[in-house]
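1. turn this into a model:
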Amino acid sequence: MEISERLKEMRQNAGMTQEEVAEKIMVSRVTVSHWENGKSLPDIVSLISLSDLYSISLDELVKGDSKMTEKVKKDAKEAKNNKRLIGITALLVIVVMLVYGVSIIVGGGFKDFCEGAIWWVLIAIGLAASMTYLSETEPNEDRKK
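-> Down below sits the predicted model:
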């Protein structure tokens, strides 16, 4: 059974309307309708809320629907990539601040610092973007099977 059918059945068994479900998990009624009609899939936060609402494990809720399982895997990978990009950006900001601090101590001006640092900043941004792009285009092991 697909997750859309399962969600509709669980809501009806709980004697709730789409509006009531939407209020309890803090989404719109249209969103709940789209989930139940197979037009879209819930994100992981909504899945956890639905799992709690219907007193069902995430495993029971997600398993059996390959689209949903694939979406959860994709969302997890995106979160990992975003975390990596934020880390690289934070490291870049720290390095720029350190270099700027050193340039002030040794007597360099702000203009000189900016002219010297801009190339390194652009290279680092390019590297971060490339790493993110390459990690998104790596072949998925599940698709090889």
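2. from Ile88, how far out is Ser49?
-> Applying CB to CB, to the nearest Å, the value for Ser49 to Ile88 is 32 Å. Placement of C-beta: from N, CA and C, glycine included.
3. equivalent analysis for Glu23, please.
-> Using CB to CB, Glu23 is found at 39 Å from Ile88.
4. helices along this protein, start to end?
-> Using DSSP state H, the helices found in the chain span residues 3-13, 18-25, 29-36, 44-53, 58-62, 66-105, 110-136, 141-144.
5. spatially central residue for the protein, please.
-> What sits nearest the mean C-alpha location of the chain, by CA atoms, centre = their mean, is Ala79, with 3.9 Å.
6. tell me the gap between stretch 60-70 and the middle of its chain.
-> 18 Å (CA atoms, centre = their mean, to the nearest Å).
7. what about it, average pLDDT?
-> Mean pLDDT, stretch 60-70: 81.
8. mind listing what's buried in it?
-> 61-62, 65, 68 (16 or more other CB atoms under 10 Å).
9. closest one of these to Leu127?
-> Leu127 has its nearest neighbour among the buried residues of stretch 60-70 in Met68, at 34.5 Å by CB to CB.
10. measure the closest one to Ile94 for me?
-> To Ile94, Met68 is 39 Å away according to CB to CB.
11. ok, now Gly107?
-> Remark: distance between Gly107 and Ile94 (CB to CB) = 22 Å.
12. which of these two has more neighbours?
-> Neighbour count, other CB atoms under 10 Å: between Gly107 and Ile94, Ile94 has more, with 10 against 7.
13. give me the pLDDT for that one.
-> If you check Ile94, the pLDDT there is 86.
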